[in-house]
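Novice: Sequence and predicted structure are below.
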Amino acid sequence: MSTEHACETCPMHTEMAQLGAAVGGFDRVVALAGNPNTGKSTLFNALTGLRQHTGNWPGKTVTRAEGGFQFGGVRYKLVDLPGTYSLLSASDDEEVARNFLLFGRPDCTVVVVDASALERNLYLVLQVLEITDRVVVAVNLMDEAKRRGIDVDTRSLARDLGVPAVPIVARTSENVMVLLGEVAAVSAGETVTRPLRPKGTPEFERAVSRLVPLIETAAPGVPNARWIAIRLLDGDASVEEALASGRLAELVARQQAPDARFSRKIALQGAQ
Amino acid sequence: MLSFPVSVWLLVLLAVAVAVLAPSYGVVAQLKKYRQARSRERTENALKHLLREATDGRTASFGSLQGALRMSDRGLMALTERLERDGLVRTEGTQFRLTADGERVALHVLRAHRLWELYLADELGVPLDRVHAEADRAEHRLSRDQLDRLSASMGHPAVDPHGDPIPTGDGRVPESPGTPLGDWPMSTPARIVHLEDEPPLAFAQLSAEGLRLGQVIRVIDRSSTRVVLSDGEREFRLAPMLAANVHVAPVEAEVEAARLPEGVMTLTSLPSGTTAEVVALDPSFKGFARRRLLDLGFTPGARIRSDLTTFAGDPRAYRLRGTTIALRREQSDHVLVKAQA
Amino acid sequence: MSASIAVTPADIVREAAALRQSLEAGFREEVVTSLYGEVERITRRAVHDSGSRPLELDQRIDHIVTSRWLGLPLMLVILAVIFWITIVGANVPSQMLAAAFFWFEDLAAGWFTQLGVPWWLTGFLWHGVYRGLAWVISVMLPPMAIFFPLFTILEDLGYLPRVAFNLDYLFKRAGAHGKQALSMAMGFGCNAAGIIATRVIDSPRERLVAILTNNFVPCNGRFPTLIMLATVFVAAAFPPAVASLVAAGSVVGIVLVGVLFTLVVSWALSRTILRGEASAFTLELPPYRRPGFARILYTSLIDRTLFVLWRAILTAAPAGAVIWLLANITPGGVSLATRTADFLDPLGWAIGLDGVILLAYIIAIPANEIVVPTMLMVYMSQGMMTELDSLDGLRVLLVDRHGWTMLTAVNLMLFSLLHNPCATTIITIYKETLSAKWTTIGALMPLVIAFAVTFLTAATARAFFGF
């Protein structure tokens, strides 16, 4: 389902193609994360040409949806995650997002933030930066923010966060091509990011550095040993259980497979 | 060919036979299960009693066991014999002591009891005066593995909702916190860290008075017949016997600072349209609900404005960090704020 | 310990527990507070806020839609206006579609006869399957094509969270969660979607309450039935000038009955099999956003309307076949359809309906959309071939030939609102709860309630109003 006309407003639309719900044969995986109601699904639809249901209320997306697009000759799988306020304490739908970010090893994570509520949204961005350094921040709803007299300096944001930050308007696909350019560079490893990771207290850092080597020995190849260490210190039940039962590897594997039941259904039926 | 009534009766008989004898669902199997559960409950209650006596520096006797378990002489004799045979209990003259194995089982039951109480209170919001009885039933059903998960899911809590220490998985009991109220100096602020939940009647009386864990109080009068406490707004009069069931600890400096200044109030009482600064979340407010509020940015220093309310005055919506968040009264009661000019 | 001995996960968990003891108890809160401190610094540097006029407009709107006196009435007015537009707008297209479809039915059946096709094939295809489809399309398409875009506009504006906010107090009193209002709103589209939407509720107990009661929101499969009954029967009793208002009012009324049952049943569940207290409620009220009208039209017409219609057509065709068989297999000279309907008649009478309606409900278990067409096909298969080319013709068929009264219409509306969920919804309940017990309760409880309520209204109507 290649619908090139749908992106006429894009400055370089010849370079980009929506691949709809086509599964398989992807070169890279990109995750869409962010607070509820920041327009993740709108961006997802604009990029893939799918019609994932959008609506202005928190919790509209409760499952993972997957689709594809092609950009600069590279095929990307795009994963739309339920909105989440935090990776620290998660409800059922938020757990879906958290597990994918942690164990799904996306080549790039796009954190979509609402330009007019940056303070609330950046809290999640900092948490995502703890997990991965392949992050691009998409500052969405720039038009709404402008109407409210709010101006976001994305260059200052990018400098402070240490990762690219791109202002976009997902609804009209404004600046989406620039975003894709950053995504391509980050996922290919061409852009070197320096994610901001606030240090904790000395005792805290000492405790983390005691655990990290242990985790890396016990579960080789597990991404984000530091993050797992922090969660263990906080007594996070699901991480503890995943580690203790040896399910960490299984969890990693499961995140690579598509959430077939839901993503198919939701992608094809749109509204349902 | 059987006549109609006979065949019906045969069917009925067959049905009854199945209902009585069926494996695991039948009446017989159910009865057996029930007896096993009863026996486990008795064993564990006996061990729990021995542990409590040992902790309080007493030793258990036949009489004290009888008082705690309310069993007949013969039944209790059979029980103690079995406990000794299983290597859980040692007899020394007329006294009973726990063996190492017995202590392990008793600690498991104690851990189950306290974890379950905490789970009911914090995560399910069951009223405090009901959790003890519920936990008395559940403590015999929980496995070691379930307890580990329960403990992990609540972030390995150290004390139960009454302030009693929860034994760890490897059988250590953390120090009991606090000083008995009787030994606390007059008019020094103190935080209630423990309200004894045995006997239930005494606890019910304490909570009926309005005392709760985490509350900051001062002793303002003490005599042989009564102890008078104050939390700054109300006074509580307790019999000395009852006061002995309350343990207190020094107030942490920062919360004391947050409580004392003028103008600190709950978010619920913040008038609509006014702006305030978040001072703290009430320490007695716990579990997922507390974590969620923190993640939404209800952190000390955050500016908040009371914005919307519904026809019933509850829930209310607040402007915080550029967004509007609706909360029920039960939650906003636990957010302490200081109004701004 | 030599380096070759592996560290087990249990060791790590234990080590973490030991380290945790060494940290201050409140370190979690310090982490959150310091993260937010960092966020505030970054925001201050990146955001330049130069006055905020439109935000104030947002808040002025919010003060009106959530106000003490206007909040709830405004919700009802908005709902009524949507139904009124739907009913008025759907009337003419429905008539035109029906006329066109039935004109073509006669024409095509005529061709078949001329070509010498056997009578039973002509009857099966054109008077059975095709007629069912024609009814589904002409009755369902226009209201759905108007209702869904209107409802989606509300959703995109951001009105739904305000509804949840307004109603939370009632849900709290019922021991449930305010976000249940959101899953109910999704239930207007499809109960299966509504049940998936209950995932936004954190407490498992409250989520189960929301799942079990979602059925009391009439889904799009039942809306056309309700709208048709409200238009053809209830409103017809009033002067034409106010008929459409009465029709809209009665649909709002039936939705309110559904909300009432949701609250009462939630309350009862919270005090019996799902005992518990109401938990915490945190809901973000997002800023209002301008809906994308072109996208709304596209998604609600192409995705929702056509999807639902396609599902109805898929189930209507086999249902048409079943009915044709039931009507034409005639052991002892009486068709199976008549026999079954006669058998169900006493039960139907007791609840103010009749055997044919119950038979239609049984055949329509896979999809609620086809209840009315199924019913009509059974009625028509009973021999009397009515020229059914308009809604008036429908009225004539039901009232004059089959003795429908206002009681039948009202009870059919109630039954349609309350009865058991369709097969898709039942399967979704199972997928979400993974429990045979809750699935059974979810399927049977509404059925029992539906029978009880319609029985009571029928008995009352007969005793006091002489029906």
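Specialist: Yep, that arrived.

Novice: Contact residues of the stretch 151-300 of chain C facing chain B?
Specialist: C:165-166, C:168-169, C:172, C:178, C:202, C:276-287 (C-beta under 8 Å from any C-beta of the partner chain). Heads up, the C-betas are built off the backbone N, CA and C, glycines and all.

Novice: List the contacts of the closest residue in space to C:L245 that isn't next to it in sequence.
Specialist: Spatially, and ignoring its direct neighbours in sequence, C:L245 is nearest to C:W84 (6.6 Å; C-beta to C-beta, 6 or more residues apart in numbering or on different chains). If a contact means C-beta atoms under 8 Å, 6 or more residues apart in numbering or on different chains, then C:W84 has C:244-245, C:247-248 as its contacts.

Novice: one step back: near chain A, which of the residues of the stretch 151-300 of chain C next to chain B show up?
Specialist: C:202, C:283-284, C:286-287.

Novice: Who wins on neighbours among these?
Specialist: C:L283 (26 neighbours; other C-beta atoms under 10 Å in any protein chain shown).

Novice: SS state for it?
Specialist: strand (DSSP: H, G, I helix; E, B strand; the rest coil).

Novice: For A:N175, see how far away it is.
Specialist: 31 Å (C-beta to C-beta, to the nearest Å).

Novice: Where does the prediction get shaky in chain B?
Specialist: B:1-5, B:175-177, B:232-234, B:251-262, B:284, B:286, B:341 (pLDDT under 70).

Novice: residues in it within reach of chain A, list them.
Specialist: So chain B meets chain A at B:149, B:152-156, B:288, B:291-292, B:295-297, B:321-323 (C-beta under 8 Å from any C-beta).

Novice: Show me where the chain dips below the pLDDT cut-off.
Specialist: You didn't say which chain, so I picked chain A. A:1-14, A:22-23, A:89-92, A:220-221, A:223, A:245-272.

Novice: Can you look at chain C instead?
Specialist: Ranges of chain C meeting pLDDT under 70: C:1-6, C:21-26, C:50-55, C:277, C:303-304, C:308, C:381-393.

Novice: Any idea which residue of it lies closest to chain A?
Specialist: With C-beta to the nearest C-beta, the shortest gap between chain C and chain A falls at C:V200, namely 3.3 Å.

Novice: Do a quick rundown of the helices in the chain.
Specialist: Unless you meant another one, I'm taking chain A. A:40-48, A:92-103, A:118-131, A:142-147, A:154-161, A:176-187, A:202-218, A:225-233, A:237-244, A:247-256, A:260-269 (DSSP state H).

Novice: should've been chain B
Specialist: Counting by DSSP H, the helices of chain B are B:4-21, B:27-55, B:62-69, B:73-85, B:100-118, B:128-138, B:144-153, B:200-209, B:240-243, B:253-259, B:287-295, B:329-332.

Novice: okay if I get these as a markdown table plus distance to chain C?
Specialist: Below are the helices of chain B laid out as a markdown table (distance: least, C-beta to the nearest C-beta, whole Å):
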| stretch | distance to chain C |
| --- | --- |
| helix B:4-21 | 20 |
| helix B:27-55 | 19 |
| helix B:62-69 | 29 |
| helix B:73-85 | 31 |
| helix B:100-118 | 14 |
| helix B:128-138 | 10 |
| helix B:144-153 | 8 |
| helix B:200-209 | 16 |
| helix B:240-243 | 27 |
| helix B:253-259 | 9 |
| helix B:287-295 | 4 |
| helix B:329-332 | 5 |
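
Novice: Kindly report the residues of the stretch 151-272 of chain A close to chain C.
Specialist: So the stretch 151-272 of chain A meets chain C at A:151-154, A:156-157, A:160-161, A:171, A:196, A:198, A:200-201, A:203-204, A:207, A:210-211, A:214-215, A:217-219, A:229, A:232-235, A:240, A:243-246, A:269-272 (C-beta under 8 Å from any C-beta).

Novice: Show me just the buried residues among these.
Specialist: Those of these that meet the buried threshold are A:152, A:154, A:156-157, A:160-161, A:171, A:196, A:200, A:204, A:207, A:210-211, A:214-215, A:218-219, A:229, A:232-235, A:240, A:243-244, A:269-272, by 16 or more other C-beta atoms under 10 Å in any protein chain shown.

Novice: How is chain A partitioned into domains?
Specialist: Following automatic domain parsing, one gets these domains for chain A: A:11-187, A:202-256.

Novice: Any idea how many residues pack against C:A360?
Specialist: 23.

Novice: wait, is it part of a helix?
Specialist: Yes. Counting by three-state DSSP, C:A360 falls inside a helix.

Novice: Filter the contacts of C:W84 down to the ones in helices?
Specialist: C:244-245, C:247-248.

Novice: Spatially, which two of the residues you listed are the most separated?
Specialist: C:L245 and C:A247 (7.3 Å; C-beta to C-beta).

Novice: now C:T8: how far from C:V77?
Specialist: Taking C-beta to C-beta, one finds C:T8 at 65 Å from C:V77.

Novice: Tell me if C:I323 really is in a helix.
Specialist: Yes. Remark: C:I323 belongs to a helix, assigned using three-state DSSP.

Novice: Touching, it and C:S335? I think so.
Specialist: No. Here C:I323 lies out of contact with C:S335, judged by C-beta atoms under 8 Å, at a distance of 10.2 Å.

Novice: more crowded one of those two?
Specialist: Remark: of C:I323 and C:S335, C:I323 carries more neighbours, 27 against 20, as counted by other C-beta under 10 Å.

Novice: Next to chain C in this structure, residues from the stretch 151-300 of chain B, please.
Specialist: B:155-156, B:158, B:168, B:281, B:288-289, B:291-297, B:299-300.

Novice: how about the helices of the stretch 351-467 of chain C, start to end?
Specialist: Along the stretch 351-467 of chain C, the stretches classed as helices by DSSP state H, counting those that start in this stretch are C:355-363, C:371-381, C:391-395, C:402, C:406-418, C:423-433, C:436-465.

Novice: what about C:I329, neighbour count?
Specialist: By other C-beta under 10 Å, the residues close to C:I329 number 11.

Novice: no no, B:S143
Specialist: 10.

Novice: Next: C:L260.
Specialist: Residues near C:L260, counting by other C-beta under 10 Å: 12.

Novice: Having no further points to raise, I will conclude here.
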